[in-house]
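> here's my sequence, what's the structure:
(one chain, ligands or ions: 1)
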Amino acid sequence: MLKDSFGREVSSVRISLTDRCNFDCIYCHNEGLGDTRGPLDPQTDEISTEDVIRFLEVCEEFGINSVKFTGGEPMLRQDLEEIIRRTPQSFEISLTTNGTFLPERAQALADAGLDRVNISLDALDRDSFAKLTKSGAFDKVLSGIDSALEAGLTPVKLNMVIFRQTAGFIPSMVDFISQRDGLHLQLIEYMPELTGNSDWAIKISDVHDYFRSRADRVEQRYMHSRKRYWFGKGMVEIVDPVGNSDFCSNCHRVRVTHDGYLKGCLNRNDDLKSMGEMTKQEIRDALLATVSERVPFYGAYLIKNEDGHWIFNEKYQNSTGDRKPYLYS
Ligand code: SAM
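Residues are numbered from 1 along each chain as shown. Now for the predicted structure:
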């Protein structure tokens, strides 16, 4: 197992298969690369099927056993089923998607070996959904959720980003997941680090308070210190990374960008590492270097000054990337 210099084991990888997307969500960080929306046709810089598989084979050598495919919209990749089918057997495989293409492909993905799926859904109201995603695919997404459940891609987690424009939809989303077996709700705190608009953020502690006072049962999850709230069979999990050094000290993930660069932290683009021509030895070297240079974002890369504001830690300011994260105070 790989460990970074902060003692954090690396057990999972998150691979962006494309930065193309058929939605244009107003809040999207695009896996830390910001708004790179471009043409929907396949692009030549996208990591190839062969390179994804070779990378995963190297990860397996180091005991990494979980992979999440993301994007952009990963289902725009027509080779997604092939990638999943060729992913080494030891991996748990999950996918984050906007759900539009699940009605036609959920069963094929399950047959290829996909274990479970996260589907983004920020509102159950058609007009609000259209405003948030700049897409008219609401009905497709709802039937995509059905298809994922039918194909056994469970638990199907609905990802809802929580900020001013969505917080009011929380009760209806809780009702929605409580009525169906196999559906979970994952509330993701709005992250302004790479997207700006910090005034959209709401106090996530208020959301915790709301659930604490209503849930039948509360559970603390070790990984990322996430809290889970149970309502009968329904489960709501809150992912609250912003300004949360506990969250960062429990991060066990490295990332790969759609164009094949390794990335040690969602919030940073000054640590991107090329894997060269993607020979196994080059991948091994880049992976080891990335892991050895991983730094918890909140608590080490950013530290608090005497006034309690996050500031850049001088120690890590020698990196070569061109984008600095947004400072959230
Ligand atoms: N297109 C896919 C989807 O819609 O799920 C995968 C890519 S999307 C970037 C992956 C996840 O990031 C989604 O669940 C989305 O809700 C979340 N996300 C995007 N921007 C975010 C932000 N600024 N703050 C918090 N979560 C965000």
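
> what does the stretch 1-150 of the chain put close to the ligand?
21, 27-31, 70-71, 73, 96-98, 120 (CB under 6 Å from any ligand atom). Placement of C-beta: from N, CA and C, glycine included.

> kindly reformat those residues as CSV containing neighbour count.
Formatted as CSV, those follow (neighbours: other CB atoms under 10 Å):
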residue, neighbour count
Cys21, 21
Tyr27, 19
Cys28, 20
His29, 18
Asn30, 20
Glu31, 22
Thr70, 21
Gly71, 23
Glu73, 22
Thr96, 20
Thr97, 26
Asn98, 26
Ser120, 22
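
> mind checking which of those residues are in strands?
70, 96-97, 120 (DSSP state E).

> state the pair within these that is farthest apart.
Thr70 and Ser120 (10.4 Å; CB to CB).

> common neighbours of these two, please.
Taking CB atoms under 8 Å, 6 or more residues apart in numbering as the criterion, Thr70 and Ser120 both touch Thr96.

> ok so, going back, out of the residues of the stretch 1-150 of the chain next to the ligand, who's nearest Asp206?
Set against Asp206, the nearest of those by CB to CB is Tyr27 (18.5 Å).

> show me what contacts the closest one?
Neighbours of Tyr27 in contact, by CB under 8 Å, 6+ apart: 132, 161, 163, 190, 195, 197, 200.

> cool, and Ile47?
Ile47 touches 15, 17, 55, 256-260, counting by CB under 8 Å, 6+ apart.

> which of those residues has the largest number of neighbours?
Neighbour counts for those peak at Val256, which has 28 neighbours (criterion: other CB atoms under 10 Å).

> next one: that residue from Thr44, what distance?
According to CB to CB, to the nearest Å, Val256 stands 17 Å off from Thr44.

> what about the residue lying closest to Arg221 once chain neighbours are set aside, which helix or strand?
If the residues on either side of it in the chain are set aside, Arg221 comes closest to Arg228, at 5.8 Å by CB to CB, 6 or more residues apart in numbering. Using DSSP states H and E, Arg228 sits in strand 227-231.

> what about Ile26, neighbour count?
16.

> that one touches Lys134, doesn't it?
Yes: the pair Ile26 / Lys134 is scored as a contact, 7.3 Å apart, by CB atoms under 8 Å.

> before I go, just wanted to say thanks for your time.
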